[in-house]
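Undergrad: Just the structure for this:
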Amino acid sequence: MGYSLSHAFGAAFDNPDLIVACVVGDGEAETGPLATAWQSNKFIDPVTDGAVLPILHLNGYKISNPTILARIEPDELEQFFRGCGWTPYFVEGDEPETMHELMAATMEKAIEDIRRIQNNARDKKDMTRPRWPMIVLKSPKGWTGPKEVDGLKIEGTFRAHQVPLLVDTDHPEHVQQLENWMKSYKAEELFDANGRLKPELQELVPKGNKRMGSNPHTNGGLLLRDLVMPDFHDHAVTVPSPGAIEGQDTMVLGKFLRDVEKLNPHNFRVFGPDETLSNLLGAVFEVTNRQWDAREVKNDEFLAPAGRVLDSMLSEHQCEGWLEGYLLTGRHGLFNSYEAFIRIVDSMFSQHAKWLKVTAELPWRRPIASLNYLLASHVWQQDHNGFTHQDPGFLDHVINKKADIVRVYLPADANCLLSIFDHCLRSRHYVNVVVAGKHPLPQWLTMDAAVVHCTQGIGIWQWASNDQGSEPDVVMACCGDTPTLETMAAVSILREHLPDLKVRVINVVDLMKLQPASEHPHGLSETDYNSLFTKDKHIIFNFHGYPWLVHKLTYRRTNQNLHVRGYKEEGTITTPFDMRVQNEIDRFHLVEDVLDRVPNLGSKGDYLKQQMKDKLIEHKHYVDKHGQDLPEIRNWRWGATAAGKCSAKIAANDHKGVPELNRIKGLKNADSHK
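TA: Predicted coordinates for the structure are as follows:
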């Protein structure tokens, strides 16, 4: 698939006694992830890390084409690898006995080089960047297989790539050829009459954990140790009342991750394609550096031969592969990325999710730490980058995988983000996708309330609703930080202008709650779903991603009066609110949606609808003239509205009971989200 070499480097990080031999096919070497993985040797610290020994198997062909590295001139091939910082050793031939001896001698030489490099760094403090050894093994394609079949040459050609000898009812003459081929390996010299390996050969097999299949690094759950976790409550944002203050969610999370790094200096790393600072996680550099073993120049920041952050290579492929290798060998980590560009690793995620699914069914396989994604700089915060940086589609891709494996969270504020991430870092054998913003946005919940809300994954925000004691006229649902902001603003307009309209506000943190319980372990039962969303009232759902994803998750639900707004491929370099208007997730369009759906609102509804249309035109003219959003948009606060002042009292009363409900300091989140 192209990431064997990045997996190998991930396994070597923080494993100073480990040598990872990685066999790379010359077809695989042409893939994007593998082609750039040769640069990973600039990120290995010979003091604190192990070593990777790449073995490029140059057999010349892919499915039906030659390979590039096999067809360039030998000196060009050598120059390529030397230019990437390697010392290549070549093993070439087609005579098995000779090749075995040559390969053994070359392996010995390569390991001697590795030990010399490590000893120079560890004992002699030689910090010169080394040229690590690698091996280029050149042998015929289909080596020792059939030479020729039906008059066509097989060995040494592309035809050896797949099924070299077809044996079926249409080709009975191939049976004898197959027998001759199998007998050429002289099994009688290897096994006794009972099919057991001969004792003298068994003696050559390594003992105990030296055997490849028994090496605990190949079953990383055996080596996995719990992280020493800081108390995320220490980083709580103080929220005097819902929406009263703003905060930058990922900046708050960065301080929590800093403390995780500090407490776990040997088994936790942060990975990212040069986006850790941009995603406002820079607090981690208060306690560690970026690992970097190439040259440094004046004005570089946070570069060092050893560090807990690997974000100095602009390659999502490498970050994903390194992290997977790190997790597979019993450690913990997270991958932070711009939301749009995580799509680059779609297929890598898929393969890891499939691996997790299969290994969860094998009793001898121990669970490993979860693969954690933090997707920031998301679709609704690209006022400087524009359309190219807007793509929330990773969520659609992820939810197609096995329900036992995938989890998707969209916290509404910083306290929810802290609660969710504490859970994710403690979890095992999942893929956790967390979407969070970095720009200033309203903070809605106290930490105690956030923990309860995140533990439930979905819930009515009673302090924002006014349907207590009666059926709602409309359900306003939201999922994601920006959709939540616009939903709350829409609710404030509705409650001001239509005070008799009964509005229920529902916030979704755990996206999989929308699925039926029969489809996902986090899914709500039909009874619980109906108690939130009702069986027949109109639901105006403001969603972070593509709207059809919500329809897909809820298509079996009783209440199909569901109207989802989300990203619909509209965007450019514009103001934050204008981005929302272009995709119609803004407060004015949401209010219009309610007015179009809910009957019997009379002339008040008619006049309010006209007012919303006028506001949209006013917005457009203001943005065109001033290049920024209307003051009433920039300065809007929930707490400053009539609904907000009322809800502050409700929230204060609600929160009085939370500490008792939350006696064990946030339910500790260890098992609460599962």
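Undergrad: Which strands and helices lie in contact with the strand or helix carrying Asn119?
TA: Using DSSP states H and E, Asn119 sits within helix 96-122. Helix 96-122 is packed against strand 51-58, strand 86-92, strand 132-138, with contacts defined by 3 or more CB pairs under 8 Å, 6 or more residues apart in numbering; DSSP states H and E. Where C-beta positions appear, they are placed from N, C-alpha and C, glycine not excepted.
Undergrad: Can you list the buried residues in that helix?
TA: Buried residues in helix 96-122, counted by 16 or more other CB atoms under 10 Å: 99, 102-103, 106-107, 110, 113-114, 117-118, 121.
Undergrad: Give me the phi and psi for Arg159.
TA: Backbone torsions of Arg159, given as degrees, to the nearest 10, read phi -70, psi -20.
Undergrad: Skipping its backbone neighbours, what lies nearest it in space?
TA: Sequence neighbours aside, Leu152 is the residue nearest to Arg159 in space, at 6.2 Å (criterion: CB to CB, 6 or more residues apart in numbering).
Undergrad: tell me, how many neighbours does the one you found end up with?
TA: Leu152 sits with 9 neighbouring residues when counted by other CB atoms under 10 Å.
Undergrad: Where does pLDDT dip in the stretch 351-500 of the chain?
TA: For the stretch 351-500 of the chain, applying pLDDT under 70 flags the ranges 382-383.
Undergrad: Okay, helices next: where are they in it?
TA: Listed from the start of the chain, the stretch 351-500 of the chain has helices (DSSP state H, counting those that start in this stretch) covering 394-398, 414-426, 447-456, 481-497.
Undergrad: Show me the contact partners of the first one.
TA: So that's helix 394-398. With contacts defined as CB atoms under 8 Å, 6 or more residues apart in numbering, helix 394-398 is touched by 339, 342-343, 346, 349-350, 353, 373, 375, 406, 408, 431, 433, 435, 511, 544-546, 549.
Undergrad: same thing but at 7 Å, please
TA: With CB atoms under 7 Å, 6 or more residues apart in numbering as the test, helix 394-398 has contacts from 339, 342-343, 346, 375, 406, 408, 431, 433, 545-546, 549.
Undergrad: Report the contact partners of Arg196.
TA: Remark: with contacts taken as CB under 7 Å, 6+ apart, Arg196 is in contact with nothing.
Undergrad: Please tell me how far it sits from Gln202.
TA: As defined by CB to CB, to the nearest Å, Arg196 lies at a distance of 8 Å from Gln202.
Undergrad: likewise Val345?
TA: Taking CB to CB, one finds Val345 at 43 Å from Gln202.
Undergrad: Then Pro442?
TA: Distance of Pro442 to Gln202, computed by CB to CB: 69 Å.
Undergrad: More neighbours: which of these two?
TA: In this view Pro442 and Gln202 are compared by other CB under 10 Å, and Pro442 has more residues nearby, 22 against 9.
Undergrad: wait, what's in contact with that one?
TA: Each residue near Pro442 by CB under 7 Å, 6+ apart is listed here: 243, 246, 485, 638.
Undergrad: Check the first one and give its pLDDT.
TA: Just to be clear, that refers to Gly243. We have a pLDDT of 96 for Gly243.
Undergrad: Tell me, how many residues neighbour it?
TA: Per other CB under 10 Å, the neighbour tally for Gly243 reads 29.
Undergrad: ok, and the closest non-adjacent residue to it?
TA: Leaving aside its sequence neighbours, Gly243 sits nearest to Trp638 (CB to CB, 6+ apart; 3.0 Å).
Undergrad: Just confirm that neighbour contacts Pro242, I think it does.
TA: Yes: A contact is recorded between Trp638 and Pro242 when judged using CB atoms under 7 Å, the distance being 5.9 Å.
Undergrad: With neighbour numbers in mind, choose between these two.
TA: Using other CB under 10 Å as the criterion, Trp638 and Pro242 rank with Pro242 on top: 27 against 23.
Undergrad: and the gap between that one and Leu511?
TA: With distances taken as CB to CB, Pro242 is found 22 Å from Leu511.
Undergrad: In a helix, Tyr185, correct?
TA: No: according to DSSP: H, G, I helix; E, B strand; the rest coil, Tyr185 belongs to no helix; its state is coil.
Undergrad: how much space between it and Phe191?
TA: In terms of CB to CB, Tyr185 sits 11 Å off from Phe191.
Undergrad: Could you do Ala304 as well?
TA: In terms of CB to CB, Ala304 sits 53 Å off from Phe191.
Undergrad: Name the residue in the two with the higher neighbour count.
TA: Taking neighbours as other CB under 10 Å, Ala304 and Phe191 compare with Ala304 leading, 15 against 12.
Undergrad: Apart from its chain neighbours, what residue comes closest to that one?
TA: Taking CB to CB, 6+ apart, and ignoring the residues beside it in sequence, Ala304 has Asn289 as its nearest neighbour in space, at 3.7 Å.
Undergrad: Just to check, that neighbour is in contact with Glu301?
TA: No: counting by CB under 7 Å, Glu301 is not a contact partner of Asn289; they are 9.1 Å apart.
Undergrad: more crowded one of these two?
TA: Comparing Asn289 with Glu301 by neighbour count (other CB under 10 Å), the higher total belongs to Asn289, at 17 against 9.
Undergrad: check contacts around the more buried one.
TA: Counting by CB under 7 Å, 6+ apart, Asn289 has contacts 302-304, 307, 309.
Undergrad: Per-residue pLDDT of it, please?
TA: On the pLDDT scale, Asn289 is placed at 97.
Undergrad: mind checking how far Leu223 is from Asp596?
TA: 58 Å.
Undergrad: Keeping just the C-alphas, turn stretch 374-390 into CSV.
TA: What follows is stretch 374-390, C-alpha atoms only, in CSV (Å, rounded to 0.1, in the frame of the first residue of the first chain):
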residue,chain,number,x,y,z
LEU,A,374,-7.7,16.1,15.8
LEU,A,375,-9.1,17.9,12.8
ALA,A,376,-8.7,21.7,13.2
SER,A,377,-8.6,24.7,10.8
HIS,A,378,-11.8,23.3,9.7
VAL,A,379,-14.2,24.1,6.9
TRP,A,380,-15.9,27.0,8.6
GLN,A,381,-12.6,28.8,9.5
GLN,A,382,-10.9,29.3,6.1
ASP,A,383,-11.5,33.0,5.6
HIS,A,384,-7.8,33.4,4.6
ASN,A,385,-7.3,30.2,2.6
GLY,A,386,-10.6,29.8,0.8
PHE,A,387,-12.3,27.1,-1.2
THR,A,388,-9.3,24.7,-1.5
HIS,A,389,-9.1,24.3,2.3
GLN,A,390,-12.8,23.4,2.7
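Undergrad: can I get the helices of the stretch 351-500 of the chain in JSON lines with mean neighbour count and distance to Val167?
TA: Conversion of these to JSON lines gives the following (neighbours: other CB atoms under 10 Å; distance: least, CB to CB, whole Å):
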{"stretch": "helix 394-398", "mean neighbour count": "20", "distance to Val167": "40"}
{"stretch": "helix 414-426", "mean neighbour count": "27", "distance to Val167": "50"}
{"stretch": "helix 447-456", "mean neighbour count": "24", "distance to Val167": "58"}
{"stretch": "helix 481-497", "mean neighbour count": "25", "distance to Val167": "59"}
